[in-house]
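>>> the sequence and its predicted three-dimensional model are supplied below.
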Protein chains: 2
Amino acid sequence: MNIGVLGTGMVGETLGTKLVSLNHNVKMGSRSASNEKAAAWVKKNGANASQGTFAEASKFGELILNCTKGEVALEALKIAGEENLKGKVLIDVSNPLDFSKGMPPTLTVCNTDSVGEQIQKNFPSVKVVKTFNTMNCLIMVNPRSLSGSHNVFICGNDAGAKNKIRDLLKSFSWKDEEILDLGDITASRGMEMVLPLWLRIMGTFKSGAFNFNIVK
Amino acid sequence: MNIGVLGTGMVGETLGTKLVSLNHNVKMGSRSASNEKAAAWVKKNGANASQGTFAEASKFGELILNCTKGEVALEALKIAGEENLKGKVLIDVSNPLDFSKGMPPTLTVCNTDSVGEQIQKNFPSVKVVKTFNTMNCLIMVNPRSLSGSHNVFICGNDAGAKNKIRDLLKSFSWKDEEILDLGDITASRGMEMVLPLWLRIMGTFKSGAFNFNIVK
């Protein structure tokens, strides 16, 4: 599948690399078509990897992954252009963390809204699926690196889009019963608001190599 | 031990009953000394159970459990009176859920502050320990009712107070390795902000009989 990955940070790199390893064609998008981090990633990942602007990566992908920071996600998608996103499935991995006021970071949006909801509202034809934002990116692409079962949450308004993402997650070695569908896109709120707890646990463990498992 | 439980809702009742069953003397406090729910609870729980005002229950207890709703917790503690709380350990179980604007509820405080922090700030001599707020009260008192391991978070500024609460949790059958100390009282923020996710999972399972387990 042709996939556009927006964002050249560790999350975009890690997810892009995993997707290339699964034989997808991935174009990494950024503000500039010649972004150095994207160029380095392309060099490492061979013929199925390419780079471009946000718009080029969005046009290229039948599936889009928003791996930009939550506080700039909407702006990045506006630069990508509605015409390049229209009707497509978009995975929103982002978290609206604001580190500008020191530690611990706060959220730029929460409680009555979320980045996931804002994207859906601004791009009504896009099928937004929120997932992956509640864990470190190394766990996203290698869930079996942790001991035992743990969960990845998904939410979104379009059942068909969620089924496609469920299949993608399974291709990453997530087990079907580990994928917890929390309903429509408003569940993004809870998924993003878990970040302060996640960060606190990371501080306690001095490692991001953990995840939430829901025990019944 | 003499324990004051503030609040006559399901959380106060359930924790009070568990504490009586462990041979503690428990006084349930409310706005009125003759609260009917407290009276019914006393009747069911025998000689070690009693009731009184917020002030009487706080005076009685060497340990205080705040089981009032988060949005009224500060007010309840002000009615209880600083002179009755001074220097004591107080467990804050509350969540600042606001159901007044419909479902899903929002939080009356979050992101840059929390109920746990507000209580600590308003009652500096009190040793506030936040715990238990991330699960249903039936799980608090019967952690072994779920399959396998899962976690209870604690935080607070006073190490001695946290050790006392750790012992109390162990007397409820929590395993030492399941008690995750997240540091000072500012961790309340993350612990309270997990509620929207908790509520969403509860809606998905149609049951509160679950808890978070942190998998490494």
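Thanks, I have the structure now.
>>> quick one: residues in contact with stretch A:121-131.
A:74, A:77-78, A:82, A:85-93, A:114, A:116, A:119-120, A:152-158, A:160-162, A:165, A:169, A:185, A:187-188, A:191 (Cβ atoms under 8 Å, 6 or more residues apart in numbering or on different chains). (Glycine included, C-beta is placed from N, CA and C.)
>>> narrow those to those in helices?
For these, membership in helices holds for A:74, A:77-78, A:82, A:85, A:116, A:119-120, A:160-162, A:165, A:169, A:188, A:191, with DSSP state H as the criterion.
>>> now a ChimeraX select for only the buried ones of the contacts of stretch A:121-131.
One line in ChimeraX is enough to select the buried members of those, burial here meaning 16 or more other Cβ atoms under 10 Å in any protein chain shown:
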select /A:74,77,85,88,89,90,91,92,93,114,116,119,120,152,153,154,155,156,158,161,162,165,169,185,187,188,191
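>>> between the ones in helices among the contacts of stretch A:121-131, which sits nearest chain B?
Sorting the ones in helices among the contacts of stretch A:121-131 by distance to chain B puts residue A:191 at the head of the list, at 6.3 Å, by Cβ to the nearest Cβ.
>>> contacting residues around the closest one?
Contact analysis of residue A:191 by Cβ under 8 Å, 6+ apart lists A:114, A:116, A:130, A:133, A:134, A:153, A:155, A:182, B:197.
>>> and the first one, how far is that from residue B:134?
Right, residue A:114. When distances are taken as Cβ to Cβ, to the nearest Å, residue A:114 and residue B:134 turn out to be 20 Å apart.
>>> likewise for the second one?
Distance, residue A:116 to residue B:134, by Cβ to Cβ: 22 Å.
>>> what does the third one give?
With the distance defined as Cβ to Cβ, residue A:130 ends up 21 Å from residue B:134.
>>> tell me which of these two has more neighbours.
Neighbours per residue (other Cβ atoms under 10 Å in any protein chain shown) separate residue A:130 from residue B:134, with residue A:130 holding more: 31 against 22.
>>> backbone dihedrals for the more buried one, please?
phi -90, psi 130 (degrees, to the nearest 10).
>>> what of the one 3 residues further on?
Residue A:133 has phi and psi values of phi -70, psi -10 when expressed as degrees, to the nearest 10.
>>> contacts only, for it.
With Cβ under 8 Å, 6+ apart as the criterion, the residues that contact residue A:133 are A:92, A:93, A:94, A:95, A:191, A:192, A:195.
>>> can we see that at 10 Å?
Counting by Cβ atoms under 10 Å, 6 or more residues apart in numbering or on different chains, residue A:133 makes contact with A:11, A:70, A:91-96, A:114-116, A:140, A:152-153, A:188, A:191-192, A:194-195, A:198.
>>> so which residues of chain A form strands?
Taking DSSP state E as the criterion, chain A contains strands spanning A:2-6, A:25-30, A:49-53, A:63-66, A:89-92, A:97-98, A:106-107, A:127-131, A:152-156, A:179-181, A:211-215.
>>> tell me the strands beside the fourth one, with direction?
Taking DSSP bridges as the criterion, strand A:63-66 forms sheet pairs with strand A:2-6 (parallel), strand A:89-92 (parallel).
>>> do the last one as well
In the sheet, strand A:211-215 lines up against strand B:211-215 (antiparallel) (DSSP bridges).
>>> just the third one next, same as before
With DSSP bridges as the test, strand A:49-53 is paired with strand A:25-30 (parallel).
>>> from the chain's centre, how far out does the strand it pairs with sit?
Using Cα atoms, centre = their mean, to the nearest Å, the distance from the centre of strand A:25-30 to the centre of the chain it belongs to is 14 Å.
>>> with only the CA atoms kept, save that strand in PDB.
Written as PDB, here are the backbone C-alpha positions of strand A:25-30 (Å, rounded to 0.1, in the frame of the first residue of the first chain):
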ATOM      1  CA  ASN A  25       5.700   2.200  -0.100                       C
ATOM      2  CA  VAL A  26       6.200   5.100   2.300                       C
ATOM      3  CA  LYS A  27       6.700   8.800   1.500                       C
ATOM      4  CA  MET A  28       7.800  10.800   4.500                       C
ATOM      5  CA  GLY A  29       6.400  14.300   4.500                       C
ATOM      6  CA  SER A  30       7.600  17.500   6.100                       C
END
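>>> how about the contacts made by the spatially closest residue to residue A:164 that is not a sequence neighbour?
Distance criterion Cβ to Cβ, 6 or more residues apart in numbering or on different chains; nearest residue to residue A:164, sequence neighbours excluded, is residue A:89 at 5.9 Å. For residue A:89, the contacting residues are A:61-65, A:126-129, A:156, A:158, A:160-162, A:164-165, A:168, by Cβ under 10 Å, 6+ apart.
>>> phi first, then psi, for the one residue sitting closest to the centre of chain A.
When Cα atoms, centre = their mean is applied to chain A, the residue found nearest the centroid is residue A:93 (2.2 Å). Note on residue A:93: backbone dihedrals following degrees, to the nearest 10 are phi -100, psi 0.
>>> hang on, isn't it packed against residue A:119?
No: here residue A:93 lies out of contact with residue A:119, judged by Cβ atoms under 10 Å, at a distance of 11.3 Å.
>>> quick check: neighbours shared by these two?
A:66, A:70, A:73, A:130.
>>> neighbours around the third one, how many?
Counted by other Cβ under 10 Å, the residues lying close to residue A:73 total 24.
>>> wait, it touches residue A:97, no?
No: with contacts counted by Cβ under 10 Å, residue A:73 stays clear of residue A:97, the gap being 11.4 Å.
>>> who does the residue nearest to residue A:164 form a beta bridge with?
Counting by DSSP bridges, residue A:89 forms beta bridges with residue A:63, residue A:127.
>>> do you know how far the spatially closest residue to residue A:113 that is not a sequence neighbour is from residue B:6?
Of all residues not flanking residue A:113 in the chain, residue A:189 sits nearest, at 7.0 Å (Cβ to Cβ, 6+ apart). Noted for residue A:189: a distance of 30 Å to residue B:6, by Cβ to Cβ.
>>> look at the two and report which has more neighbours.
The residue with more neighbours, out of residue A:189 and residue B:6 and counting by other Cβ under 10 Å, is residue B:6; that gives 28 against 24.
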